[in-house]
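Chemist: Take a look and give me a structure for this.
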Amino acid sequence: MTKTKTKTKTKTKAKKTTKAKKPVKKPVKKTVAKKKVAAKKPKKKKYFEAVGRRKTSVARVRLFATSPLQSVAEENLIINDKPHKDFLLTLELQQVVEAPLRRLKSLNRFGVTVRVKGGGIRGQAEAIRHGLSRTLILFDPNFRKKLKKAGYLTRDPRKKERKKYGLKKARRAPQWRKR
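Modeler: Numbering: from 1, shown residues only. I've put the predicted structure just below:
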């Protein structure tokens, strides 16, 4: 009997003992103290910011009282780091973007920078117009009447209708055949 007891004890001891995991040492980075240098911060220019939307395009517009980039001669409207005439190639789209400034007769009075993404080129142009109109109102609330009358403050809500299941497109059904 004693032999069987010792065998069972050794089996249970073997199950209970597990290997201890060794702690993983992480490399220690040495930090070097950096000297503080008194750097002159450039003055931040005050600007007015608004967002314009059209279809799936979103434009973030910043309106400065003066031109933000002095290096670009005679260019007050910058879209995605390009002059607006290089970004919008057709005259019609350029006029769409300039329309709020032309309406207020202040085309060269302001500097404008724009970040636009999404959608097509036409939707982007109209999103820029919407955002630019909103920034002009933030600059001077008296501009609201003229811009509202021109229809530049209304966000055009039309979007592409989604495709439904069982159909080819949003409303186009598969062609029906009798036989």
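
Chemist: and the biggest helix by length in the chain, C-alpha only, in CSV?
Modeler: Ranked by residue count under DSSP state H, the longest helix found in the chain is helix 121-139. Provided in CSV are the C-alpha atoms of helix 121-139 (Å, rounded to 0.1, in the frame of the first residue of the first chain):
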residue,chain,number,x,y,z
ILE,A,121,-14.2,69.1,-58.8
ARG,A,122,-17.6,70.8,-59.1
GLY,A,123,-18.7,69.7,-55.6
GLN,A,124,-15.4,70.9,-54.2
ALA,A,125,-15.8,74.3,-55.9
GLU,A,126,-19.3,74.7,-54.5
ALA,A,127,-18.2,73.6,-51.0
ILE,A,128,-15.5,76.2,-51.1
ARG,A,129,-18.0,78.9,-52.0
HIS,A,130,-20.3,77.8,-49.1
GLY,A,131,-17.4,77.8,-46.6
LEU,A,132,-16.1,81.2,-47.9
SER,A,133,-19.5,82.7,-47.5
ARG,A,134,-19.7,81.5,-43.9
THR,A,135,-16.3,83.0,-43.1
LEU,A,136,-17.3,86.3,-44.5
ILE,A,137,-20.3,86.4,-42.2
LEU,A,138,-18.0,85.6,-39.2
PHE,A,139,-15.8,88.6,-40.3
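
Chemist: pLDDT-wise, which helix or strand of the protein ranks last?
Modeler: Taking mean pLDDT, DSSP states H and E as the measure, helix 2-16 is the helix or strand of the chain with the lowest mean score, a mean of 53.

Chemist: And the next helix or strand past it?
Modeler: Downstream of helix 2-16, the next assigned helix or strand under DSSP states H and E is strand 47-54.

Chemist: Direction included, what does whichever helix or strand comes after that following strand pair up with?
Modeler: With elements assigned by DSSP H and E, the helix or strand that comes after strand 47-54 is strand 57-64. Sheet pairing of strand 57-64 (DSSP bridges) gives strand 47-54 (antiparallel), strand 111-117 (antiparallel).

Chemist: starting at the chain centroid, how far to whatever helix or strand comes next after strand 57-64?
Modeler: Sequence-wise, the next helix or strand downstream of strand 57-64 (DSSP H and E) is strand 77-79. On the basis of C-alpha atoms, centre = their mean, to the nearest Å, strand 77-79 sits 16 Å off its chain's mean C-alpha point.

Chemist: Now strand 77-79: average pLDDT?
Modeler: Strand 77-79 carries an average pLDDT of 94.

Chemist: same thing with stretch 61-74?
Modeler: For stretch 61-74, the mean per-residue pLDDT is 67.

Chemist: Need the nearest residue in space to K148, chain neighbours excluded.
Modeler: Once flanking residues are discounted, K148 sits nearest to T154: 8.0 Å by C-beta to C-beta, 6 or more residues apart in numbering. No exception for glycine: its C-beta is placed from N, CA and C like everyone else's.
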